[in-house]
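1. the sequence and its predicted three-dimensional model are supplied below.
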Amino acid sequence: SPAVPRRRALLVRAQIEAPKPKAKANPSVWDALAFSGPAPERINGRLAMVGFVAALSVEAARGGGLLDQAGSGAGLGWFLTTAAVFSVASLVPLLQGQSVESKSSGVWTADAELWNGRFAMLGLVALAVTEFITGTPFVNV
């Protein structure tokens with residue numbers, strides 16, 4: 001007898017995607033500042049971006065290096081004020097329940113801000129290490 005082609009059954013399996021946990025409407029300060037919370041790396045990154053530009057600007061204008069600026073105490077008030085303003089300005093929207101991703105648009109994304117902050121943190125360390133090794137400010141190298 002001739003071979004009869006066999007029909008194969010098509011089996012389709014579906015998996016229900018687990019629901020994503022919803023963010024709290026108004027998280028507490030401790031939730032926002034938790035180790036894996038949305039605020040610590042963003043605040044540190046924002047301060048590092050401002051600090052990197054400020055350190056290079058002061059080096060270019062006055063000739064003092066980063067370690068001299070940090071050790072003189074003259075800019076301590078400005079540093080504390082900037083840190084407080086940026087921290088509060090970063091925390092208020094989070095405490096109101098807004099996500100960082102909701103403010104992303106075009107090239108200004110939340111991930112881009114994180115990466116810029118990370119590079120600024122590395123840049124500040126590089127400025128300090130360069131000055132420590134060479135003994136002169138980065139601008140004069």
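-> Great, that's in hand. Residues are numbered from 1 along each chain as shown.
2. only the buried residues of stretch 69-81, if you could.
-> By neighbour count with 16 or more other CB atoms under 10 Å, stretch 69-81 contains the buried residues 69, 79. Every C-beta, even on glycine, is put in place using the N, C-alpha and C of the backbone.
3. swap in stretch 118-134?
-> Result for stretch 118-134 [16+ other CB under 10 Å]: buried residues 120-121, 123-124, 127-128, 130-131.
4. what does stretch 91-103 give?
-> Neighbour counts over stretch 91-103 (16+ other CB under 10 Å) mark 91, 94, 100 as buried.
5. gap between the last one and residue 82?
-> Separation of residue 100 from residue 82 (CB to CB, to the nearest Å): 20 Å.
6. before we move on, what about residue 49?
-> Counting by CB to CB, the gap from residue 49 to residue 82 is 11 Å.
7. rounded mean pLDDT for stretch 84-97, please.
-> The predicted model assigns stretch 84-97 a mean pLDDT of 88.
8. packing partners of the lowest-mean-pLDDT helix or strand in the chain?
-> Among the helical and strand segments of the chain, the one scoring lowest on mean pLDDT, DSSP states H and E is helix 66-72, with a mean of 77. Applying 3 or more CB pairs under 8 Å, 6 or more residues apart in numbering; DSSP states H and E, one finds that helix 66-72 makes contact with helix 40-62, helix 110-134.
9. I figured residue 40 hits residue 30, correct?
-> No. Assessed by CB atoms under 8 Å, residue 40 is found out of contact with residue 30, at 11.6 Å.
10. so between these two, which is more surrounded?
-> residue 40 (14 against 8; other CB atoms under 10 Å).
11. how far away is the nearest residue to the more buried one once chain neighbours are set aside from residue 132?
-> Among residues not flanking residue 40 along the chain, residue 33 sits closest, at 6.2 Å (CB to CB, 6 or more residues apart in numbering). Computed with CB to CB, the distance linking residue 33 and residue 132 is 31 Å.
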